[in-house]
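Trainee: Need coordinates for the below:
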Amino acid sequence: MRNSRIRNFRRLTIFSMAFFALMALDAMSNTRAQVSSSVNIANNSSRQIIHVYLSHVGVDDWSGDQLGGSVIGSNQSFTLSNFACDQQQIKVIGEDQDGCFLSTVVACGADASWTITNDSAADCGQ
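Mentor: Residues are numbered from 1 along each chain as shown. Purely as a prediction, here's the structure:
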């Protein structure tokens, strides 16, 4: 009887360890690598950029405001550093003082730059 209990306990232990190992492998395979990126936003326009957001490309899942209350004035620049990027590209969205949106797509894992000019097309909801 005792040998039977020991064998059952061992089987249960081995089964539990295998189950948890498989669950851990599944969880690791479902997580995407987070790449740290940065982008320098140069505002060479007469606009004032009051908000900057990040989003996955092709999806409107905007982050919170990345400027943290700062403003990118005309002829100023701002470097957005060390943001996590879980795909090959990320969309950077700027909102001006009139509520118009400008955006660009930058590569993740690299230092990028985005220059906004008066000719940069803006979506003003029209």
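Trainee: Quick check: closest non-adjacent residue to the residue positioned nearest the centre of the chain.
Mentor: The C-alpha lying nearest the average C-alpha coordinate of the chain belongs to Cys85 (CA atoms, centre = their mean; 4.0 Å). In space, and not counting its chain neighbours, Cys85 is closest to Cys108: 3.5 Å by CB to CB, 6 or more residues apart in numbering. C-beta: built from backbone N, CA, C; applies to glycine.
Trainee: since we're on the one you found, how many residues are nearby?
Mentor: Residues within reach of Cys108, counting by other CB atoms under 10 Å, total 19.
Trainee: Does it touch Val39 like I think?
Mentor: No: with contact taken as CB atoms under 8 Å, Cys108 and Val39 are classed as non-touching, separated by 10.0 Å.
Trainee: still on that earlier bit, distance check, the residue nearest to the centre of the chain against Val105.
Mentor: Taking CB to CB, to the nearest Å as the criterion, Cys85 is separated from Val105 by 11 Å.
Trainee: Could you tell me which residues touch both of those two?
Mentor: The overlap between the contact sets of Cys85 and Val105 (CB atoms under 8 Å, 6 or more residues apart in numbering) is empty.
Trainee: Next up, the contacts around the nearest residue to Asp123 once chain neighbours are set aside.
Mentor: Excluding the flanking residues, the one nearest Asp123 by CB to CB, 6+ apart is Phe101, at 4.7 Å. By CB under 8 Å, 6+ apart, the contact list for Phe101 reads 93-95, 122-124.
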